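> Just to be clear, the model below is a prediction. Sequence and coordinates:
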Amino acid sequence: MGAEQSRVSLPKRVLITGVHTGVGHALADYYLQQGSQVWGISRSRPEDLSKHPAFDFLSLDLTDHDRVGPEIKHWLHEVDHFDFVLLNAGILGSFGDLREADLDEMKQVMELNLWANKSVVDALDAAVDRIQQMVFMSSGASVNGNRGWRGYALSKAALNMMAMLYAAELTGTHCSAFAPGIVETTMQDQLQSFPQDERFPSLEALRSKRNTSAMPTPGEAAPKLAAAMAMIPDAAPSGEFLDIRHPPLSTVLDEATV
């Protein structure tokens, strides 16, 4: 067991959106390995996770807002609380200058990265009595203003504010926006597919990190991400944006991994 686990207690009842692949899948798997009960939502079923007796799955398109509330209410009719909710589902969208972006495509990014999270939060608020901690999966792109990140950066910046607004409303729940750092996911595959362009130095920086320890796989990152998110309620007031690469959470990056 890594040193970060000696300082934090992992949640026992966990709900995660976007569990089919990537960070959401890896975290769901990690929590299950650590003895947590996990509820997962995505459009496609993660067959490996579904074999675990402590995993409960709902197939749902989170941008179908009219269905989200009724489906979640029915699914969770015997659940009274969660220790931890991770709003993880999201997409990158296109990359390039904002002035060249297609507005309809950017609206699609906002639908999943922002408004779907409102639908889920409101559905959970109506369906269960208590949620101890809720994390909105954000990104460094939400605050750094690097050229090229257009719809993704806008959606994540708005998500940070959504976490702050819900923190003021859901006073019994610790809410935060969390940037997980650079992780090797299908989003990185998409970013790597864009041609080299001197206008976008942040894209070149990502290319240089691929296949190095600076860009871990989701499975490698999951223990540290879980430890960092467990630290948040004691590290910052509800409503804050935190990045795993910066204090107070960056200490987990120096610890051994489970």
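Structure received.
> Buried residues in stretch 145-157, which are they?
For stretch 145-157, a neighbour-count test (16 or more other Cβ atoms under 10 Å) marks 147-157 as buried. The C-beta positions use only the backbone N, C-alpha and C, and glycine is treated the same way.
> next one: stretch 52-64
Of the residues in stretch 52-64, 55-58, 60, 62-63 count as buried by neighbour count, 16+ other Cβ under 10 Å.
> Distance check, the nearest residue to Pro233 once chain neighbours are set aside against Ile232.
Among residues not flanking Pro233 along the chain, His174 sits closest, at 4.4 Å (Cβ to Cβ, 6 or more residues apart in numbering). Relative to Ile232, His174 is positioned 7 Å away (Cβ to Cβ, to the nearest Å).
> what does Glu220 give?
From Glu220 to Ile232 the distance is 21 Å (Cβ to Cβ).
> Those two: which has the busier surroundings?
More neighbours surround Ile232 than the other of Glu220 and Ile232, with 21 against 15 (other Cβ atoms under 10 Å).
> re earlier: the buried residues of stretch 145-157 in helices, which ones?
Cross-referencing the buried residues of stretch 145-157 against helices under DSSP state H gives 150-157.
> CSV for these, including distance to Gln33 and pLDDT?
Putting those into CSV (distance: Cβ to Cβ, whole Å; pLDDT from 0 to 100) gives the following:
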residue, distance to Gln33, pLDDT
Arg150, 37, 97
Gly151, 35, 98
Tyr152, 30, 98
Ala153, 33, 99
Leu154, 36, 99
Ser155, 31, 99
Lys156, 29, 99
Ala157, 34, 99
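> Just the closest of the residues you listed to Arg67, please.
Nearest to Arg67 among these, counting by Cβ to Cβ, is Ser155 at 21.2 Å.
> That closest one reaches Ala116, doesn't it?
No: the criterion here is Cβ atoms under 8 Å, and Ser155 misses it with Ala116 at 10.3 Å.
> Then Phe84 would be within a helix, right?
No: going by DSSP: H, G, I helix; E, B strand; the rest coil, the assignment for Phe84 is strand, not a helix.
> Could you find the closest non-adjacent residue to it?
Computed as Cβ to Cβ, 6+ apart, the closest residue to Phe84 that is not its neighbour in sequence is Pro11, at 3.6 Å.
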